[in-house]
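# Here's my sequence, what's the structure:
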Amino acid sequence: TRWGERPIEFACAVALSARFGIDLDLAALTPEETAILRRAVALARRTQPVVQHGRLQRLVSPVDETSSGRAALGYMSADARNAVFFAYQLEAGDASAPTLRFTGLDPSTTYRVTHTDLLGDPTVVGHLTGSQLEGRGVAWPLDAPLRAAIWEVVAEP
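From the prediction side, this is the model:
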């Protein structure tokens with residue numbers, strides 16, 4: 001790709017897990033790149049309060065020998081009603097993929113879980129309790145290097 005080794009959707013997904021910013025010549029973007037960037041900005045607007053002020057959870061360490069080229073982290077609001085989780089496939093993995101268990105959520109609250117990969121529109125993948133998200137978790141969705149997945153977890157009224 002013209003972004004070197006990192007596709008723009010991967011670079012945006014990584015930036016979304018910290019201080020999302022854009023340091024690009026916007027006029028030079030292709031229509032596909034512009035669409036990805038629009039989705040990333042929309043996601044940033046929804047998730048940045050939790051990312052900037054929430055409690056950090058490290059789920060899969062990229063430096064752990066057993067992670068096999070994977071990393072995952074998340075942020076949860078102080079009241080545990082909102083969370084956002086990020087998973088990154090950094091390189092080809094040779095071990096079985098982990099199950100992501102989202103801890104710290106209220107076990108009896110039902111959450112709407114929305115998956116985003118920035119290549120398409122967000123998709124609601126389920127309505128799960130905090131207990132289910134911690135117990136059964138979410139299957140690792142990535143199988144190719146330089147791919148990312150993002151989940152928004154929002155308590156239902």
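# all strands of this structure, in order?
55-60, 70-76, 82-89, 99-100, 110-116, 123-129, 138-139, 147-155 (DSSP state E).
# so of those strands, which one's packed in deepest?
Greatest average neighbour count among the strands of the chain goes to strand 82-89 (a mean of 24), per mean count of other Cβ atoms under 10 Å. C-beta here means a position set from N, CA and C on the backbone, and glycine is covered the same way.
# Looking at it now, give me its mean pLDDT.
The average pLDDT within strand 82-89 is 96.
# do the same with stretch 120-139
The average of the pLDDT scores along stretch 120-139 is 94.
# between the strands of the chain, which gets nearest to Glu9?
Glu9 sits nearest to strand 147-155 of all the strands of the chain, at 7.0 Å, using Cβ to Cβ.
# Just the angle for that closest one relative to strand 123-129, thanks.
Per axes from the mean of the first three to the mean of the last three Cα atoms, to 10 degrees, the angle that strand 147-155 makes with strand 123-129 is 50 degrees.
# Out of the strands of the chain, which gets nearest to Glu33?
The nearest among the strands of the chain, by Cβ to Cβ, is strand 147-155 at 15.6 Å.
# May I see the buried residues of the lengthiest helix in the chain?
Criterion DSSP state H: the longest helix present in the chain is helix 31-53. For helix 31-53, the neighbour count (16 or more other Cβ atoms under 10 Å) marks Glu33, Ile36, Leu37, Arg39, Ala40, Leu43, Ala44, Thr47, Gln48, Val50, Val51 as buried.
# Quick check: the last one touching Leu43?
Read that as Val51. No - counting by Cβ atoms under 8 Å, Val51 stays clear of Leu43, with 10.1 Å between them.
# one step back: avg pLDDT for the longest helix of the chain?
For helix 31-53, the mean per-residue pLDDT is 95.
# So for stretch 104-115, first residue to last residue, what's the gap.
Start to finish, the residues bounding stretch 104-115 are 19 Å apart (Cα to Cα, to the nearest Å).
# What number of residues are in the vicinity of Ser17?
Per other Cβ atoms under 10 Å, the neighbour tally for Ser17 reads 21.
# Dump the C-alpha coordinates for stretch 79-97 into CSV.
Only the C-alpha atoms of stretch 79-97 are listed here, as CSV (Å, rounded to 0.1, in the frame of the first residue of the first chain):
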residue,chain,number,x,y,z
ASP,A,79,-19.5,3.6,35.9
ALA,A,80,-18.9,0.5,33.8
ARG,A,81,-21.7,1.4,31.4
ASN,A,82,-19.5,2.0,28.4
ALA,A,83,-16.3,0.4,27.1
VAL,A,84,-14.3,0.1,23.9
PHE,A,85,-12.0,-2.7,23.2
PHE,A,86,-9.3,-3.0,20.5
ALA,A,87,-7.6,-6.1,19.0
TYR,A,88,-4.6,-6.0,16.7
GLN,A,89,-3.1,-8.8,14.6
LEU,A,90,0.4,-7.5,14.2
GLU,A,91,1.9,-10.4,12.3
ALA,A,92,0.9,-13.9,11.2
GLY,A,93,0.1,-15.9,14.3
ASP,A,94,1.1,-19.5,14.7
ALA,A,95,-0.7,-20.3,17.9
SER,A,96,-4.4,-20.6,18.4
ALA,A,97,-6.1,-17.3,18.8
